[in-house]
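**Q** I would like the atomic coordinates for the input below:
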Amino acid sequence: LGEEQSGQIQSIGFSLYCDMLERAVSALKNGEDIDVLDDPYDHIDIELNIPALIPDDYMYDVYTRLTFYKRMNNFNKPADLDEIKVELIDRFGPLPEQANNLFHVLKIKHKAKAFNIKSLVMNEEYADIKFNQHSPEFYAKLIKLVQNKPNIFKPLPNDGLRYFGDFLQAPERIDAIHHLFDILQS
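**A** Model (predicted):
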């Protein structure tokens with residue numbers, strides 16, 4: 001694709017862009033109207049603000065990188081993602097930090113589905129988590145969490161939660177999200 005066709009990847013994210021492009025191509029092939037905004041499933045937006053990609057100096061061929069991105073985006077269970085990771089290491093050598101981060105982000109995205117998370121946006125000071133609709137029991141758990149740890153958790157409008165901490169580096173952010181998932185699961 002040229003820059004005009006692919007220039008919006010940065011603004012909407014690679015996985016959503018690929019999904020929209022795939023739906024558009026499929027609709028064209030079937031002679032249907034194109035409606036890329038009609039999302040058949042809920043998209044989860046995970047933004048940890050860390051470098052999460054396969055660097056081109058690790059994998060030079062663009063087509064191969066895109067193929068791996070697509071496979072990584074379409075995995076069904078974490079074991080599938082682990083197989084892809086092993087294949088990358090086998091074919092291209094030890095993973096650079098950015099690629100390891102990508103695997104962590106994808107696993108976080110997968111786990112976020114279990115908690116009905118709509119979006120998770122993180123920076124050095126806090127993470128904002130937005131949830132899709134949940135049961136009253138889940139919201140009661142969130143309220144109790146906020147009440148018990150008001151310096152760490154704060155409610156946000158529209159089914160959201162803010163999680164405070166010192167999340168300066170990628171490993172700290174990844175660990176913090178897994179810790180949050182453990183808390184939500186208990």
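
**Q** what ranges does the chain have for its strands?
**A** Assigned by DSSP state E, the chain shows strands spanning 45-47, 117-122, 126-131, 153-156, 160-164.

**Q** which stretches in this protein count as helices?
**A** Counting by DSSP state H, the chain has helices at residues 3-6, 9-12, 14-29, 62-73, 78-92, 97-114, 136-148, 170-185.

**Q** follow-up on the earlier one: residue 62: which of the strands of the chain is closest?
**A** The minimum distance between residue 62 and the strands of the chain falls on strand 45-47, with 23.8 Å, by CB to CB. For glycine as for every other residue, the C-beta is placed from the backbone atoms N, C-alpha and C.

**Q** rewinding a little: mind checking which of the strands of the chain is nearest residue 83?
**A** strand 45-47 (21.2 Å).

**Q** tell me how far the closest one is from the chain's mean position?
**A** Distance of strand 45-47 from its chain centroid, counting by CA atoms, centre = their mean, to the nearest Å, is 5 Å.

**Q** nearest residue to residue 113 other than its sequence neighbours?
**A** residue 44 (6.4 Å; CB to CB, 6 or more residues apart in numbering).

**Q** quick one, what contacts that neighbour?
**A** Neighbouring residues of residue 44 by CB atoms under 8 Å, 6 or more residues apart in numbering: 109, 112-113, 117-120.

**Q** show me which of those residues are buried.
**A** 109, 112, 117-120 (16 or more other CB atoms under 10 Å).

**Q** adding pLDDT and distance to residue 26, write those out as a markdown table.
**A** Output for the buried ones among the contacts of residue 44, formatted as a markdown table (pLDDT from 0 to 100; distance: CB to CB, whole Å):
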| residue | pLDDT | distance to residue 26 |
| --- | --- | --- |
| 109 | 91 | 23 |
| 112 | 92 | 26 |
| 117 | 91 | 27 |
| 118 | 90 | 25 |
| 119 | 91 | 26 |
| 120 | 94 | 29 |
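
**Q** mind telling me the two of those residues farthest from one another?
**A** Largest pairwise distance in the buried ones among the contacts of residue 44, by CB to CB, is 11.7 Å, between 109 and 118.

**Q** and stretch 75-93, what's its mean pLDDT?
**A** For stretch 75-93, mean pLDDT is 93.

**Q** wait, which of the buried ones among the contacts of residue 44 is closest to residue 59?
**A** Nearest to residue 59 out of the buried ones among the contacts of residue 44 is residue 109 (CB to CB; 21.2 Å).

**Q** just give the closest residue to that closest one, not the sequence neighbours.
**A** Nearest residue to residue 109, sequence neighbours excluded (CB to CB, 6+ apart): residue 46, at 4.8 Å.

**Q** what of residue 49?
**A** Distance criterion CB to CB, 6+ apart; nearest residue to residue 49, sequence neighbours excluded, is residue 123 at 5.6 Å.

**Q** so that neighbour sits against residue 165, correct?
**A** No - contact between residue 123 and residue 165 fails when scored by CB atoms under 8 Å: they sit 10.6 Å apart.
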